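[1] what would the 3D arrangement of this be:
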Amino acid sequence: MRGKFKNVIFIFLVLASLGIFRIEAQAAPADGDADTEVLPDPESIYSGPFEHALSAFFSSLDLGGYLKNETAYRYHEPRSLTKIRNTAYLEARYPINTRAEVQVSGWYYSDLVYDLYDYDTISARSTRQSEEALVFVEQLPQEKDSPVAEIRELYADIFLDTVDVRFGKQFVVWGVLEGNRVVDEVNPMDFRELINLDLLDYRIPLWTLKIDYFRDDGAYQFLWIPELKFHKPAPPGSEWELLQQVPNTSFPESFTFENSEFGVRYSAPMGGAEVSFSYFYTWDDFPVIFRSIEVRDPNSTPVFFPTYTRIHMFGGTYVKQLGGYIVKGEVAYVLDKYFGILSKTDRDNDGFLDNNGEVQKNHLRWGLGLDFNRWGADISPAIVQWIVPDYDKAMIQGQFDTSISLFVRKPLPERSAVFQLLAIYLVNLSELYTRPEVTFNLTDRFQISTGMDLFSGKKSKFGAPQASAVSNINVTEESAQFFGNFDANDRLFVEFKYGF
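    Purely as a prediction, here's the structure:
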C-alpha cells in the first residue's frame, strides 16, 4: 500500500505540472440559441468555496524539475551503447503558512538501450566473465535498471522561533568534503552506476525526523531514523556489478525503535572557523560476510552467513578561510566495525578460517581539503585516510588506506560553457578514476554536457574463484580491488537537460 500511495502522489504531481488538472465551467445557453456556447464570466469560474481553495492551492504551489537524456558509449570491446536513459524529475513545494511547508520530489526514468541491444553486449559479460565456463555465464541474472519510478523526497517542515522540525523522506548531509565520506554516513549510497552518478543522485533518502535547535552559542541537530536501508548494489548482471547481496543475508527489521538510527550534531563558529561535533549510532551499510571455510581443503564449499552490524561514529568537521584559501577538515572515530581477513588464516590450527573470516576493530578516519582559485578555475584537492591502530596482519585491508582526489571547475564564459574534472586515486590499490566533462549552457534552461568516465587498475585476485563466482560477491579475495574491476568500462557520454 505504501508503494501505491507514493506512485499516486508522483503521477498527480506530473499531471498537475502538465496542466491536465484544471477547472472548467460553462454557462447555460441563451433561449433560442441552444447550439451556441457562451463563454462563462471569468469571475464565476472560481466562485465556489472548493474552486476558490483549489485556485489558492495552485497559485501557492511552487513547481520545478527537469527532463534529461543520458547516453553513454563504451569504446572497449565489446563496443556498445550502454545507456540511453530518459528521466523526468519533478519537485513541488507548498507553503501551508508562514511556519509550515511541504516538499515532495520524484523521478521516473526508462532506459531505451535495453530495447535496442542484447543484454550480454551491454554488460560486456563475455569479457568480464571470461575466466568462467560459458554455461555459467549464460545462467547469470539479467536485472535491468529500468523502468524506475521513485519518490526522492517527501517531507514537512515546521519553523518555530528557535526550533526547525523536518519529518519525512529526506537527505541529511554532515560532511564538508564534497564527494568524500568521512563523517557523512547518514544516507546510504546507490551503486547502480558505481560512483558515476551526481553527488545527490547517489544518496538514498531515508524516512527521518530531524530537529534543529538554535541557540546563541550554536546549533544542535537531532536525528531519529526508523527506516533501515543499506548501500544498494548495481543490478545483478549489469556492467557495474561488483558488490552484491549474498543469499541468506540477515536483515534487521525496519521501522522499530530498537533498530532505529540516532544522531546528534553540534555546530558553531569557533576561532573564526565553522566547527561541528557529532555522534551517530548507526548500522554498517555494508554487510559483514561471516563465512566458514575449511582452509586445508581447496575444494571445500564456503558457507556464508552475512549480517548487518551496529557501529558507533564520533565525528567532527572544520571549515576556515585563510586569505584566498578555504581549509576543510573531517575526522571520525568508528567503534566496532568488522574487517575481512585472508581466506587461509588458521592461527589456531583447527582447520577452519579464524573468527568466521572477520575481525572487529576500531578505526580512525580523517580527511583534509583545500579550496582556492587559480587561473580562473576553482581547484579543490583533498586527501582521505583510514587508520586501524590495533592492526591485524591477516586483514585484507591495509593498516593505512589512503585516497587522493582533485576537483577542478573552470567557467568558459566566451563559450557559455563550464569545464569540470574529477580525479580519484586510491593509493593502496594503485587505481585511478577520472571524469572530465564540459557543459554548454545554450539557454538559461537548456544545457548539453559531454565527457568521459575513465577507470585504471587491476582486477581483484581470488583465493577461491569458483566459490566467489557462485556467491556473486568478492568475499575470498586475497586482493580486493575497486576501480580496477572496471578497467574495460571506459566510456564516452553526452547529456541533454532541460530545466523548468
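
[2] quick check: buried residues in stretch 414-425?
    Within stretch 414-425, the residues that count as buried by 16 or more other Cβ atoms under 10 Å are Ala417, Val418, Phe419, Gln420, Leu421, Leu422, Ala423, Ile424, Tyr425. C-beta here means a position set from N, CA and C on the backbone, and glycine is covered the same way.

[3] mean confidence score for that stretch?
    The average pLDDT within stretch 414-425 is 96.

[4] Phe372: which of the buried residues of stretch 414-425 is nearest?
    Leu421 (15.3 Å; Cβ to Cβ).

[5] the residue lying closest to Tyr73 once chain neighbours are set aside: what's it in contact with?
    Spatial nearest neighbour of Tyr73, excluding adjacent residues (Cβ to Cβ, 6 or more residues apart in numbering): Leu492 at 4.9 Å. Residues in contact with Leu492 (Cβ atoms under 8 Å, 6 or more residues apart in numbering) are Ala72, Tyr73, Tyr75, Thr450, Gly451, Met452.

[6] hmm, Asn259 is touching Tyr281, no?
    No. The criterion here is Cβ atoms under 8 Å, and Asn259 misses it with Tyr281 at 10.9 Å.

[7] now do the shared contacts for those two.
    What both Asn259 and Tyr281 touch, as defined by Cβ under 8 Å, 6+ apart, is an empty set.

[8] quick revisit: need the buried residues of stretch 414-425 in CSV with secondary structure and distance to Ile379, can you?
    Output for these, formatted as CSV (DSSP: H, G, I helix; E, B strand; the rest coil; distance: Cβ to Cβ, whole Å):
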residue, secondary structure, distance to Ile379
Ala417, strand, 18
Val418, strand, 14
Phe419, strand, 12
Gln420, strand, 11
Leu421, strand, 10
Leu422, strand, 12
Ala423, strand, 12
Ile424, strand, 15
Tyr425, strand, 16
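
[9] low-confidence ranges, this structure, go.
    1-47, 126-140, 243, 461-479 (pLDDT under 70).

[10] got the domain ranges for it?
    The chain resolves into domains spanning 1-60, 61-499 when parsed by automatic domain parsing.

[11] now do the contacts for the residue positioned nearest the centre of the chain.
    When Cα atoms, centre = their mean is applied to the chain, the residue found nearest the centroid is Tyr202 (1.9 Å). Applying Cβ under 8 Å, 6+ apart, we find Tyr202 in contact with Met189, Asp190, Phe191, Ile195.

[12] how close does it get to Phe171?
    Going from Tyr202 to Phe171 by Cβ to Cβ, to the nearest Å gives 11 Å.

[13] Asn356 now?
    Computed as Cβ to Cβ, the Asn356 to Phe171 distance reads 35 Å.

[14] over to Asp346?
    Taking Cβ to Cβ, one finds Asp346 at 44 Å from Phe171.

[15] for Leu429, same thing?
    According to Cβ to Cβ, Leu429 stands 29 Å off from Phe171.

[16] compare the two and say which is more crowded by neighbours.
    Set side by side, Leu429 and Phe171 show more neighbours around Leu429, with 20 against 15, by other Cβ atoms under 10 Å.

[17] helices along the chain, start to end?
    Under the criterion DSSP state H, the chain contains helices at 2-17, 42-45, 49-60, 113-116, 119-123, 125-128, 134-138, 465-471.

[18] which strands and helices sit next to the fifth one?
    Going back to what we said before, that points to helix 119-123. strand 80-97 (3 or more Cβ pairs under 8 Å, 6 or more residues apart in numbering; DSSP states H and E).
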